[in-house]
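Engineer: Everything below, folded, please.
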Amino acid sequence: MTKIFVVDDHKLFASGLAGLLEDDLPGADIAVFADVESGLAAMADSPPDIVLLDFYLPGVSGVEAIKSVRAAAPGVKVIIISASLSPADRQISEGAGAAAFLAKSSDPDEVVAAITAI
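Structural biologist: Residues are numbered from 1 along each chain as shown. Model (predicted):
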């Protein structure tokens, strides 16, 4: 069973994404966190396979968040989900260790495809 953490401070978006994943990835264990600190605390008990991480969270840079997640769970795959369409943000994310970078405006099938590809 794949364990996925959704880390996003926008509750409506995070809940909607979790619902989509539950529908499209039967058997996946999905948990939602509003901030990096909560996600990191949960990783200490049971690390996920994949973290869908908002690049622009309050109080922490996207690069710091990626590095913190990967330090807490070295084998975890991080997929950035961002409202930003900036090629620079994509490049910075991938340079920090993200496996993929998706826009929040992406088609739901793209999100599921990115998860299943990694």
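
Engineer: helix/strand/coil for Gly75?
Structural biologist: coil (DSSP: H, G, I helix; E, B strand; the rest coil).

Engineer: Can you name the secondary structure element that comes next after the helix or strand that contains Ala14?
Structural biologist: Per DSSP states H and E, Ala14 falls inside helix 11-24. Toward the C-terminal end, the helix or strand that comes next after helix 11-24 (DSSP H and E) is strand 29-33.

Engineer: For the residue nearest the centre of the chain, which residues are in contact?
Structural biologist: Central residue of the chain (CA atoms, centre = their mean): Leu52, 1.1 Å from the mean position. Neighbour list for Leu52: 4-8, 17, 79, 81, 111, 115 [criterion: CB atoms under 8 Å, 6 or more residues apart in numbering]. (Each C-beta comes from the backbone N, C-alpha and C, glycine too.)

Engineer: So for Met1, what's the nearest residue that isn't a sequence neighbour?
Structural biologist: Nearest non-adjacent residue to Met1, counting by CB to CB, 6 or more residues apart in numbering: Gly27, 5.3 Å away.

Engineer: Do I have it right that the one you found meets Ile4?
Structural biologist: No: contact between Gly27 and Ile4 fails when scored by CB atoms under 8 Å: they sit 11.1 Å apart.

Engineer: So those two - more neighbours on which side?
Structural biologist: It is Ile4, of Gly27 and Ile4, that has more neighbours when counted by other CB atoms under 10 Å, with 22 against 7.

Engineer: Show me where the chain has its strands.
Structural biologist: 3-7, 29-33, 50-54, 77-82, 100-103 (DSSP state E).

Engineer: Tell me which of the ones you listed is the most buried.
Structural biologist: Mean neighbour count, computed with mean count of other CB atoms under 10 Å, is highest for strand 50-54 among those, reaching a mean of 26.

Engineer: Centre of the chain to it, how far?
Structural biologist: What separates the centre of strand 50-54 from the centre of its chain is 1 Å, taken as CA atoms, centre = their mean, to the nearest Å.
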